[in-house]
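Enquirer: when you get a sec, could you give me coordinates for this:
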Amino acid sequence: MPPRALYRTDQLEIVKRKLSRILTSTVKEVSCLAKQCHPDEVDRLATILAKAPTRLYHKWLAQIMGSVPIKSWVTGSNDELYVSAPKEASMRFLSERLPLRERTKRKQLEAFRTELFQNILSNMTPLKRRFHEPMLALASQEELKPFFPGWTQPPAETNFGLELLHLEALHDAMASYEEQKWAEENAHPTSLTLPNEIMRKCSEKALVCWLNHLEHWIREDALEAEKAPNSMLGLVSANLSANRAMLEYSALDDRGVEAAKLTEGFLQALNAKGIAEVPLEMEGLAPEPSLSVLKDLLQGWFSHGGSLIEPAGFFNRSMTDSDMNIVVTWAPLVQERYIRSQALSRPFTEVKAAHGSSNNLFIFALALVGAFYQNARTSHEFTGRSNPFYSVFPGRALHKSKRVIHPPTHALSVLIQTYGLIFFSNSDWDLFPDRVIARAETKRIKKAHIQQLLCFVTKGRSSAELVFLHRRLRDLRKQAGRALAPIQDS
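Expert: From the prediction side, this is the model:
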């Protein structure tokens, strides 16, 4: 009697179909991996994958941002490889403040993702589970909190995902160090932003340095990794964490494209009206007076009969008092969120001094006014709506209902990146559009470098290699004494 087959053909097919998207491999490569290296895990993994739609949706893999097929990797105009997946990419797991409907969806997705991680680990053989558990068990909330400032309960992630967060931060820290070193060696004025070409080179230097460092660790651990138990289940779990991170950078990049389009056209229109710098009236004001002066400026420029209103021009509609109240309310909120995020990787006093003044507040307000006049739109954090986009500046019906308390996550990202493009593309409080596109391209390149780093760590590796890499990264984080923040866009 022939030996019983380890798996059925239909089980192999579902594994090939799903894992080609999770592992960023060809179907042929997944087939070889399953049949030649992990035939004993095909049935268990297939069962998990087959049951997933009954626990969530048919397109569950896209919903948890676990799908990065080979075709998602494209070459940009800057010749950098990056992940482009506008339909799948979202910052939904980075959204703490949400309306009830979206909050319920996020909780559902988080619960499913957590259960999936646990099922993957529990379906390993005892030997494989003991070896992989330190990497694939869920990270503690306390260890995750430094990466999610202000969150009462950070989104669930595995220990491997936790170390990826830290690796992102390490790249950012090294790039910042290279920038500071260049500025000192070249006596670059601290009041001026570094040239875009230098920032790109510093980011690339940090990437190459970390790739070499990781490659060195992999070579040192190669003999031990060859003897250790490997698991296809372990590969799935680790790659789900990496894919989510890569797609979040892709979503951040999409918001950056939206911000660049908004910023350039809006500044050109302001310049055409003779406004090319932050008004002197905004300088050196305390928080409360700054809001009052800001409101007066907005009324003088954009209210009915305002000096910038021109029915046939760019500023072809006036802002209502309610619109201006949104600007005055949201501008300090966006400013506070920006400062808080930047202070994760730099001293708070330094960030506050650079971005906390009344002049800075005015630029944050301009980001909102620009969104209003450019009719800027961004994609919903969650799919399933008839219209996949919403206005960055809230519609009048919505903000009259008093349901909008904080900017949604994607809108917030557009506004923050718009501020960054205005502020860092200029000096001495100027408001020129000339260097906006170059600055936006620099930010795109830095995001692409992070995606390339995450790809190098996870793709094409055995699960044993990933376990040893996780140990190295964990030990490095413990030695550092505190968690660095992941890269923050500006």
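Enquirer: okay, stretch 145-162 in CSV with CA atoms only?
Expert: Taking Å, rounded to 0.1, in the frame of the first residue of the first chain, the C-alpha atoms of stretch 145-162 are listed here in CSV:
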residue,chain,number,x,y,z
LYS,A,145,4.5,51.8,23.1
PRO,A,146,7.7,53.8,22.4
PHE,A,147,7.0,53.4,18.7
PHE,A,148,3.4,54.6,19.1
PRO,A,149,3.5,57.8,21.2
GLY,A,150,0.3,58.8,22.8
TRP,A,151,-1.4,55.5,22.1
THR,A,152,-3.1,53.8,25.0
GLN,A,153,-3.0,50.5,23.2
PRO,A,154,-0.6,50.2,20.3
PRO,A,155,-1.5,47.9,17.4
ALA,A,156,-0.6,44.2,18.0
GLU,A,157,2.6,43.0,16.4
THR,A,158,5.0,40.1,16.7
ASN,A,159,8.5,40.4,18.2
PHE,A,160,9.9,40.2,14.7
GLY,A,161,7.7,43.1,13.7
LEU,A,162,8.9,45.0,16.8
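Enquirer: which ones are touching Gly66?
Expert: 21-22, 239-240, 243-244 (Cβ atoms under 8 Å, 6 or more residues apart in numbering). From N, CA and C alone the C-beta is placed, and that goes for glycine too.
Enquirer: and if we set it to 6 Å?
Expert: 22, 240, 243 (Cβ atoms under 6 Å, 6 or more residues apart in numbering).
Enquirer: equivalent analysis for Asn159, please.
Expert: Residues in contact with Asn159 (Cβ under 6 Å, 6+ apart) are 135, 137, 139.
Enquirer: how many other residues sit next to the first one?
Expert: This means Met135. Here the count is done by other Cβ atoms under 10 Å, and Met135 has 26 residues near it.
Enquirer: nearest spatial neighbour of it, skipping sequence neighbours?
Expert: His470 (4.2 Å; Cβ to Cβ, 6 or more residues apart in numbering).
Enquirer: ok, the one you found touching Phe160?
Expert: Yes - using Cβ atoms under 6 Å as the test, His470 is close enough to Phe160 to be in contact (5.3 Å).
Enquirer: so what sits against both of those two?
Expert: Met135.
Enquirer: the more surrounded of these two?
Expert: Comparing His470 with Phe160 by other Cβ under 10 Å, the one with more neighbours is Phe160, at 29 against 22.
Enquirer: go ahead and confirm that one touches Leu240.
Expert: No - the criterion here is Cβ under 6 Å, and Phe160 misses it with Leu240 at 9.5 Å.
Enquirer: now the helices for the stretch 1-150 of the chain?
Expert: 9-22, 27-32, 42-55, 60-63, 100-122, 126-136, 141-144 (DSSP state H, counting those that start in this stretch).
Enquirer: Ala225: which of those helices is closest?
Expert: helix 126-136 (10.8 Å; Cβ to Cβ).
Enquirer: okay, angle between that closest one and helix 100-122 too, please.
Expert: Counting by axes from the mean of the first three to the mean of the last three Cα atoms, to 10 degrees, helix 126-136 lies at 140 degrees to helix 100-122.
Enquirer: neighbouring contacts of helix 126-136?
Expert: 121, 158-160, 229, 231, 234, 237, 467, 470.
Enquirer: which regions of the protein sit below the pLDDT cut-off?
Expert: Within the chain, the stretches with pLDDT under 70 are 1-4, 397-405, 481-490.
Enquirer: pretty sure Pro155 contacts Ser95?
Expert: No - in this structure, Pro155 is not within contact of Ser95 by Cβ under 6 Å, at 9.2 Å.
Enquirer: follow-up on the earlier one: sticking with the residue nearest to Met135, tell me its helix or strand.
Expert: helix 463-480 (DSSP states H and E).
Enquirer: strands along the chain, start to end?
Expert: Remark: strands assigned in the chain by DSSP state E are 73-75, 81-83, 377-379, 389-391.
Enquirer: the second one pairs with which strands?
Expert: By that I understand strand 81-83. strand 73-75 (antiparallel) (DSSP bridges).
Enquirer: in stretch 107-114, what counts as buried?
Expert: For stretch 107-114, the neighbour count (16 or more other Cβ atoms under 10 Å) marks 109-110, 112-113 as buried.
Enquirer: now the helix holding His470, how far from the chain's geometric center?
Expert: Distance of helix 463-480 from the chain centroid (Cα atoms, centre = their mean, to the nearest Å) equals 23 Å.
Enquirer: contacts for stretch 286-297, please.
Expert: Here stretch 286-297 has contacts from 281, 328, 358, 361, 365, using Cβ under 6 Å, 6+ apart.
Enquirer: what comes up buried for that stretch?
Expert: For stretch 286-297, by 16+ other Cβ under 10 Å, it's 290-291, 293-295, 297.
Enquirer: do the same with stretch 315-323
Expert: Buried residues in stretch 315-323 (16+ other Cβ under 10 Å): 315, 318-319, 323.
Enquirer: gap between the two ends of that stretch?
Expert: One end of stretch 315-323 to the other measures 14 Å (Cα to Cα, to the nearest Å).
Enquirer: related to what we said a few turns ago, and which of the contacts of Asn159 is nearest to Lys35?
Expert: Lys35 has its nearest neighbour among the contacts of Asn159 in Met135, at 25.0 Å by Cβ to Cβ.
Enquirer: ok, now how distant is the closest one from Met199?
Expert: 34 Å (Cβ to Cβ, to the nearest Å).
Enquirer: same thing with Leu453?
Expert: On the measure of Cβ to Cβ, Leu453 and Met199 end up 17 Å apart.
Enquirer: kindly report the same for Gly274.
Expert: Distance from Gly274 to Met199, by Cβ to Cβ: 31 Å.
Enquirer: can you check Ser413 too?
Expert: 20 Å.
Enquirer: same question for Val334.
Expert: Relative to Met199, Val334 is positioned 23 Å away (Cβ to Cβ).
Enquirer: ramachandran coordinates for the nearest residue to Arg439 once chain neighbours are set aside?
Expert: Distance criterion Cβ to Cβ, 6+ apart; nearest residue to Arg439, sequence neighbours excluded, is Ser425 at 4.6 Å. When read as degrees, to the nearest 10, the backbone of Ser425 gives phi -90, psi 0.
Enquirer: make 28 the starting number, not 1.
Expert: From this message on, residue numbering opens at 28, which makes the last subject Ser452.
Enquirer: now do the contacts for Ser452.
Expert: Contacts of Ser452 (Cβ under 6 Å, 6+ apart): 462-463, 466.
Enquirer: also Leu50?
Expert: Asn266.
Enquirer: phi, psi for it please.
Expert: Torsion angles, degrees, to the nearest 10, at Leu50: phi -90, psi 0.
Enquirer: how about the one 3 residues further on?
Expert: Its backbone dihedrals place Thr53 at phi -80, psi 160, with angles given as degrees, to the nearest 10.
Enquirer: for Ala398, see how far away it is.
Expert: Distance from Thr53 to Ala398, by Cβ to Cβ: 42 Å.
Enquirer: those two: who's more crowded?
Expert: Using other Cβ under 10 Å, the more surrounded residue of Thr53 and Ala398 is Ala398, with 28 against 13.
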